[in-house]
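S.K.: sequence-free structure coming up:
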């Protein structure tokens, strides 16, 4: 593996200084080539599907694995969208002049070698490769074992486009040892790898972040709250609560716990119940809630659970302080919302809640790179360092200081 | 330890939202209290000195350990300087409005709980505590075992000022288990600690970065080069080379290897030799160099050595490409300089060298938070992520997105 990583690192020097126009031209070629070679991709994908069938994978997993003309077109279009983004490399982030005349420029540059570890869906292979390439990084990819044939052929096609442009195909590499042991080695290769991004289930993310010596940007958990303050506009509150829970319950920015001020609980809970029933949401509640509306009993475990399903736990609090301390205790620091017309309450919530995204009068479902206007999706970070919350392609860069002198010494 | 860390984390909620003016007032009080209680500090320091004497510590180490009125005044003044810095919390880093009217503000906030592990010098205790407090962070400090009494009394005095202001004294804590085992535990406490900064020798830094599961911002090594390009102004080149090596050879931003273009080697090396001899620098060189001036033989190990002493290795290269690839191979990504009057060469060097600081026509000795105008010194990072190069107090913050809505849903 060291030999391959050596080549990947070597390749990174070439890719890091490519001009933006050249990178975009190559990304468009890559998109075309995926479409041109769709039958080759589908043939390899069929091998994965056959294996998956033999291994009795669930229909849902089989569907995630499947590639057809339409899905390949979507992969190509994702690369075209990446090509249309502004070059994240070379942005001058800050600049100033020292009293001695030295001129300092803090400039965005690629991170270097990024390892991306993901599960199942083979389209991540071209997405991740495209995002890394656009930001001047090289990548070493490890997808699901069950998608190995599909991933290999996609990486091969992208690598061939690099070679046609006299660039090292290693700039887009699959992990050579395509196994758990391979991953275990990769995440300790500080010498060659600058960043690891695990994209997948909780088990994978935990394993990587506990064992990596290479820095990790991870997304672990989204346990999001919506807090309806006593001065909330009921219409907004109900609309936002329903949207945060029901529009797509299986995602990380969906609400898991609704918090309601005691003062308005008897008025708003019955109204909320009507709407949630329409949306077939299973409701759980604390003792106070269950006195007002019919719900299952919520216990300590519920406050700690990311349901990722159309289930909601509801808690009644005395005031905003109790709401904030519940959220700080059980929240995952992902996305939290307050619904209120009260200025001071909104400011207090915005300032005191420690989370990547804090909302006033809006659905937590907006926590998303696309919604934030970042273009292509890199992911959502629950790290506090380097990148936090929705990540744009700019978050795949670091910086250096360029210092322009004319003979200055200390 | 978990219990103490629990309290530290609890304290962080209070400190994170303190207003800037209050933090500055408290920092000034802390400075005064250190001076008022200097005799108490000196008494505790004498215990450490006595122990050190018994343990036969070197005179240099004894001197680093010593606190007197003057040094305590310097510690107090450092806190006053920190108080005078702009509040790093609450800066709006970016802001924009989405097509649906949602208003997004990316705002700087404290990181949370920062563990700082350092060696010997007890003044680091008040510096680190002050920097963390100013940036709204709480800290858990672990200094050298030999300075334990001094560190404890300093932290106690600062904590008392916090208590007088109705703030939890735990916001400035010493590691309760003041041992190697304590450190080993601390660096795995992801649940309570957000960042570890090791400040000290190579062994400490390596140990922490290899074993921590908490994110680490480290400074490991400064192996800096100065490259004299064929189109260099000789006067500037000689002045800068001497400064980079001799002004203070024992620090990380001093030059370790000088690289000279073949085309000018026979002219400039004898001139350089005269100046280095005046500065009593021990010169080593490759074969080419030794044909032109009298030097010790440099070998592979020399290119890899951070001398931290008045010793210099010299290499002659054919051209800028060879210079860049030597630097990329042996450099530590800290600070690298080119001396040239040639525009294209300067651009090539600035763009292709991957280091925290890349200089044209200036001494690498400027890589320093104070020189960069950051005010108080947090350190120099050789990480690529979160912070790179000289760190200002702003680098002790992360960010959150505040999102202002009026009922928006997806």
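M.R.: Done, it's in. What you are looking at is a predicted structure, and each value in this text was computed from that prediction instead of being measured.

S.K.: buried stuff in stretch A:51-65?
M.R.: Buried residues in stretch A:51-65, counting neighbours by 16 or more other CB atoms under 10 Å in any protein chain shown, are found at A:51-52, A:57, A:61, A:64-65. C-betas here are computed from N, CA, C, even on glycine.

S.K.: and the end-to-end length of that stretch?
M.R.: Start-to-end span of stretch A:51-65 (CA to CA, to the nearest Å) is 11 Å.

S.K.: tell me the domain boundaries of chain A?
M.R.: Residue ranges for the domains of chain A, per automatic domain parsing: A:2-220+A:388-404, A:224-366.

S.K.: all helices for the stretch 1-150 of chain A, in order.
M.R.: A:2-16, A:20-36, A:38-54, A:59-65, A:69-84, A:123-134, A:148-164 (DSSP state H, counting those that start in this stretch).

S.K.: quick check: angle from the second one to helix A:38-54?
M.R.: Angle between the axes of helix A:20-36 and helix A:38-54 is 60 degrees (criterion: axes from the mean of the first three to the mean of the last three CA atoms, to 10 degrees).

S.K.: sorry, back to before: output the helices of the stretch 1-150 of chain A as a markdown table; include the columns distance to residue B:217 and mean pLDDT.
M.R.: As requested, the helices of the stretch 1-150 of chain A are exported to a markdown table (distance: least, CB to CB, whole Å; pLDDT from 0 to 100):
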| stretch | distance to residue B:217 | mean pLDDT |
| --- | --- | --- |
| helix A:2-16 | 22 | 94 |
| helix A:20-36 | 30 | 98 |
| helix A:38-54 | 41 | 96 |
| helix A:59-65 | 38 | 89 |
| helix A:69-84 | 30 | 96 |
| helix A:123-134 | 24 | 96 |
| helix A:148-164 | 33 | 97 |
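
S.K.: hmm, who's touching whatever helix or strand residue A:197 lives in?
M.R.: Element membership of residue A:197, judged by DSSP states H and E, is strand A:195-199. Identification of contacts with strand A:195-199 by CB atoms under 8 Å, 6 or more residues apart in numbering or on different chains yields A:111-119, A:124, A:186-187, A:204-205, A:208-209, A:212, A:214-219, A:378-379, B:384-385.

S.K.: before we move on, back to that, which stretch among the helices of the stretch 1-150 of chain A comes nearest chain B?
M.R.: Of all the helices of the stretch 1-150 of chain A, helix A:2-16 sits nearest to chain B, with 7.0 Å by CB to the nearest CB.

S.K.: near chain B at all, the closest one?
M.R.: Yes - using CB under 8 Å from any CB of the partner chain, helix A:2-16 reaches chain B at A:13, A:16.

S.K.: need the contact partners of that helix.
M.R.: A:89, A:109-110, A:112-113, A:133, A:136-138, A:140, A:167-168, A:170-171, A:173, A:176, A:189, A:191-193, B:328, B:352, B:354.

S.K.: what do you get if the cut-off is 7 Å, keeping everything else the same?
M.R.: Here helix A:2-16 makes contact (CB atoms under 7 Å, 6 or more residues apart in numbering or on different chains) with A:109-110, A:112-113, A:133, A:136, A:138, A:140, A:167-168, A:170-171, A:173, A:176, A:189, A:192-193.

S.K.: for chain B, see how far away the closest residue to residue A:155 other than its chain neighbours is.
M.R.: Nearest residue to residue A:155 in three dimensions, chain neighbours excluded: residue A:174, at 5.0 Å (CB to CB, 6 or more residues apart in numbering or on different chains). Distance, residue A:174 to chain B, by CB to the nearest CB, to the nearest Å: 23 Å.

S.K.: in the stretch 101-250 of chain A, which residue sits nearest chain B?
M.R.: Per CB to the nearest CB, the residue of the stretch 101-250 of chain A with the smallest distance to chain B is residue A:243, at 3.5 Å.

S.K.: leaving out chain neighbours, which residue sits closest to that residue?
M.R.: In this structure, residue A:243 finds its nearest non-sequential neighbour in residue B:409, 3.5 Å apart by CB to CB, 6+ apart.

S.K.: next: residue A:340.
M.R.: Nearest residue to residue A:340 in three dimensions, chain neighbours excluded: residue A:229, at 3.7 Å (CB to CB, 6+ apart).

S.K.: kindly report the same for residue A:83.
M.R.: Distances taken as CB to CB, 6+ apart place residue A:27 nearest to residue A:83, at 3.9 Å, with adjacent residues excluded.

S.K.: PyMOL command to pick out the buried ones of the contacts of strand A:195-199?
M.R.: Provided next is the PyMOL selection string for whichever of these are buried by 16+ other CB under 10 Å:
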select buried, (chain A and resi 111+112+113+114+115+116+117+118+119+124+186+187+204+205+208+209+212+214+215+216+217+218+219+378+379) or (chain B and resi 384+385)
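
S.K.: next up, the contacts around the residue of the stretch 101-250 of chain A closest to chain B.
M.R.: Applying CB under 7 Å, 6+ apart to residue A:243 gives the contacts A:363, A:365, B:409-410.

S.K.: re earlier: reformat the buried residues of stretch A:51-65 as CSV; add distance to chain B.
M.R.: As requested, the buried residues of stretch A:51-65 are exported to CSV (distance: CB to the nearest CB, whole Å):
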residue, distance to chain B
A:51, 35
A:52, 33
A:57, 31
A:61, 27
A:64, 23
A:65, 28
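
S.K.: which elements pack onto whichever strand or helix holds residue A:173?
M.R.: Taking DSSP H and E as the criterion, residue A:173 maps to strand A:172-174. On a contact count with 3 or more CB pairs under 7 Å, 6 or more residues apart in numbering or on different chains; DSSP states H and E, strand A:172-174 meets strand A:138-142, helix A:148-164.

S.K.: show me the one of the ones you listed that comes nearest residue B:278.
M.R.: Among those, strand A:138-142 comes nearest to residue B:278, with 46.6 Å by CB to CB.

S.K.: now do that closest one against helix A:123-134, angle only.
M.R.: Angle of strand A:138-142 versus helix A:123-134, following the same axes, to 10 degrees, is 170 degrees.

S.K.: that older thread, let me see the mean pLDDT of the strand holding residue A:173.
M.R.: Mean per-residue pLDDT for strand A:172-174: 96.

S.K.: and the pLDDT for residue A:389?
M.R.: So residue A:389 comes in at 96 (pLDDT).

S.K.: roughly how far apart are it and residue A:134?
M.R.: In this view, residue A:389 and residue A:134 are 20 Å apart by CB to CB, to the nearest Å.

S.K.: pick out the residue closest to the middle of chain A.
M.R.: Nearest residue to the geometric centre of chain A (CA atoms, centre = their mean): residue A:379, 1.7 Å.

S.K.: right, and it touches residue A:222 too?
M.R.: No - counting by CB atoms under 7 Å, residue A:379 does not reach residue A:222; the two are 12.0 Å apart.

S.K.: now do the longest strand belonging to chain A against strand A:195-199, angle only.
M.R.: Longest strand in chain A by number of residues (criterion: DSSP state E): strand A:397-408. Counting by the same axes, to 10 degrees, strand A:397-408 lies at 160 degrees to strand A:195-199.
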